[in-house]
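J.: Okay, here's the prediction I keep looking at, along with the sequence it came from:
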2 protein chains.
Amino acid sequence: MSSVSTVEPQTRMKSEDRRELVLEAAMGVFGDYGYVGATTDQVAKAAGVSQPYVVRMFGTKEKLFLEVLHRALAAMLDAFRTALHGDPSVELERRMGLSYFELLKKHGLLLSLMHSFVLGSDPVIGAAARWGFLEIYSFLRDEAGFTPLQAHEFLSNGMLANTMISTRMGDLVDEDPRVREMLEACFPEKLGIVLELGKLHRPAAR
Amino acid sequence: MSSVSTVEPQTRMKSEDRRELVLEAAMGVFGDYGYVGATTDQVAKAAGVSQPYVVRMFGTKEKLFLEVLHRALAAMLDAFRTALHGDPSVELERRMGLSYFELLKKHGLLLSLMHSFVLGSDPVIGAAARWGFLEIYSFLRDEAGFTPLQAHEFLSNGMLANTMISTRMGDLVDEDPRVREMLEACFPEKLGIVLELGKLHRPAAR
DNA sequence: GTCTATACCAAGATAGAC
DNA sequence: GTCTATCTTGGTATAGAC
């Protein structure tokens, strides 16, 4: 079961819709294999179009990735923003946490971001990742009104969570009791959901 | 200025020493470009040997990376262990923190680890990364005597720090005042050192 | 708007000499 | 123990047809 579903044979489509489809597919593939590891052909297959067409649409693989990155960031900020203005009877922390879990459902979203964060040495992707990170921090400070300390707390919890998801620590949950304990500390009361999502998002072998 | 220094023309060497040299070089290159992005040729150049020889020594690029990963993990645990049994008049938190900064000096060490953590979908590297992560957690619990909560705290702070270093957020420190604030929250009293290290470890363009 | 065919290059791995 | 030469594969990108 792959996280990237293949799409039916090519019918003519409005370019906006097709673009959407390809971006969606790309997010999944980049999430699974990283910017360098992913191939435009995998993206094409996942979107049900030909490889050259993918390149044609976005110019280069790099530009495609940047677009994915941009969307992932936007979606994330959007989710947090929604949480921010959500039901005030629920604690803000909790609302943000729930948004985060919504994001997890879009598997490639977090993973594509994570891959970009580790590419700081790449002149193009790295720069984009830095500005993206800063955007998140600025949101927390300026829009959400967090103190630097609160922002740090929020980000560190998030990063550890993201790392564990990227590493697929859930796959080890039955191998060693320590893993369950660790994941429970990291995802309080949400272990079940995380493990479920982890099962769904297993990429096919290349 | 590259983080990977090139080595003088080839003289015959004891295989153990040469191996050491290549592994050292590989750690730097993998740290800068990631497992997929790094080439055996880059490693070879950095170590001052021929590309086929690198492959010859380790069989495959994958095996080379696994070896690097193994060493990075070992070095990390070693550093933490030393800190653990260090001067008891200094607070444990502080000792561990200092060890962490020692590790930062070996640029490729943290970065290679980070790259492995994001490759959870890779059947070989991903598995190794998971066990490595678990090893660190187990150390914190079993040897350092941390509670799950303490371990979580330690790991989340570490992961955020690692991510910021991977992303090279320091490169943005003069572009936006928020960046300095953020880094200060993340590396209390150590901002200067981090920025210095960041400057040293800038890889050459490919 | 989308495909097929293909050029072109980079990179891992192998063979074999020294 | 180490190199040079080379095979092979896979992957991005281009050309051009439909």
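T.: Structure received.
J.: What separation do you get for A:L200 and A:H107?
T.: 7 Å (Cβ to Cβ, to the nearest Å). All C-beta spots, glycine's among them, are computed from the backbone N, C-alpha and C.
J.: ah, wrong one, I meant A:L134
T.: The value you get for A:L134 to A:H107, if Cβ to Cβ is used, is 25 Å.
J.: Show me which of those two is the more surrounded one.
T.: More neighbours surround A:H107 than the other of A:L134 and A:H107, with 22 against 18 (other Cβ atoms under 10 Å in any protein chain shown).
J.: Do stretch A:174-193 and chain B come into contact?
T.: Yes - Stretch A:174-193 is in contact with chain B by Cβ under 8 Å from any Cβ of the partner chain, via A:176, A:178-179, A:181-182, A:184-186.
J.: can you list those in JSON lines and add pLDDT and distance to A:E16?
T.: JSON lines is the format used below for these (pLDDT from 0 to 100; distance: Cβ to Cβ, whole Å):
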{"residue": "A:D176", "pLDDT": "97", "distance to A:E16": "48"}
{"residue": "A:R178", "pLDDT": "98", "distance to A:E16": "48"}
{"residue": "A:V179", "pLDDT": "98", "distance to A:E16": "44"}
{"residue": "A:E181", "pLDDT": "98", "distance to A:E16": "47"}
{"residue": "A:M182", "pLDDT": "98", "distance to A:E16": "44"}
{"residue": "A:E184", "pLDDT": "97", "distance to A:E16": "44"}
{"residue": "A:A185", "pLDDT": "96", "distance to A:E16": "44"}
{"residue": "A:C186", "pLDDT": "94", "distance to A:E16": "39"}
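J.: Straight-line length of stretch A:135-146, end to end?
T.: Length of stretch A:135-146, first residue to last, Cα to Cα, to the nearest Å: 14 Å.
J.: ok, residues contacting it?
T.: Stretch A:135-146 has contacts (Cβ atoms under 8 Å, 6 or more residues apart in numbering or on different chains) with A:73, A:76-77, A:80-81, A:84, A:92, A:96, A:148, A:150-151, A:154-155, B:178, B:181-182.
J.: residues of it that come out buried?
T.: A:136-141, A:144, A:146 (16 or more other Cβ atoms under 10 Å in any protein chain shown).
J.: For the residues you listed, give me TSV that also has distance to B:D17.
T.: Formatted as TSV, the buried residues of stretch A:135-146 follow (distance: Cβ to Cβ, whole Å):
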residue	distance to B:D17
A:I136	46
A:Y137	45
A:S138	49
A:F139	51
A:L140	49
A:R141	51
A:A144	54
A:F146	51
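J.: and which of the residues you listed is nearest B:M57?
T.: Using Cβ to Cβ, A:I136 comes nearest to B:M57 of these, at 42.2 Å.
J.: just the strands in chain A please.
T.: Assigned by DSSP state E, chain A shows no strands.
J.: Quick one: mean pLDDT over stretch A:103-120.
T.: On average, the pLDDT along stretch A:103-120 is 96.
J.: just for chain A, where's the confidence low?
T.: Residue ranges of chain A with pLDDT under 70: A:1-10.
J.: what ranges do the helices span in it?
T.: For chain A, the helices defined by DSSP state H cover A:15-37, A:40-47, A:51-58, A:61-84, A:92-105, A:107-117, A:125-138, A:148-166, A:177-186, A:191-200.
J.: The third one relative to helix A:15-37, how many degrees between them?
T.: When axes from the mean of the first three to the mean of the last three Cα atoms, to 10 degrees is applied, the directions of helix A:51-58 and helix A:15-37 differ by 110 degrees.
J.: Could you check helix A:51-58 against DNA strand D for contacts?
T.: Yes - using Cβ under 7 Å from any atom of the strand, helix A:51-58 comes into contact with DNA strand D via A:51-52, A:55-56.
J.: which of those residues tops the neighbour count?
T.: That'd be A:V55 among these, by other Cβ under 10 Å, with 17 neighbours.
J.: Test my guess that that residue contacts A:V49.
T.: No - shown here, A:V55 and A:V49 do not form a contact pair, counting by Cβ atoms under 8 Å, at 10.6 Å.
J.: quick revisit: now, which of the residues of helix A:51-58 next to DNA strand D sits nearest DNA strand C?
T.: A:P52 (3.6 Å; Cβ to the nearest atom of the strand).
J.: A:I193 is in contact with A:I165, correct?
T.: No - the pair A:I165 and A:I193 fails to qualify as a contact (Cβ under 8 Å) at a distance of 11.5 Å.
J.: out of those two, which sits in the busier spot?
T.: Taking other Cβ under 10 Å, A:I165 and A:I193 do not tie; A:I165 has more neighbours (23 against 13).
J.: what is in contact with A:I165 and A:I193 at once?
T.: Contacts common to A:I165 and A:I193, judged by Cβ under 8 Å, 6+ apart, are A:L104.
J.: returning to that earlier point: from the residues of stretch A:174-193 next to chain B, list just the buried residues.
T.: Looking at the residues of stretch A:174-193 next to chain B with 16+ other Cβ under 10 Å, the buried ones turn out to be A:178-179, A:181-182, A:184-186.
J.: now those in a markdown table, with distance to DNA strand D?
T.: Formatted as a markdown table, those follow (distance: Cβ to the nearest atom of the strand, whole Å):
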| residue | distance to DNA strand D |
| --- | --- |
| A:R178 | 35 |
| A:V179 | 31 |
| A:E181 | 38 |
| A:M182 | 33 |
| A:E184 | 37 |
| A:A185 | 37 |
| A:C186 | 33 |
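J.: Tell me which two of these sit farthest apart.
T.: Farthest pair in these, by Cβ to Cβ: A:R178 and A:C186, 12.4 Å.
J.: With that, I have no additional questions.
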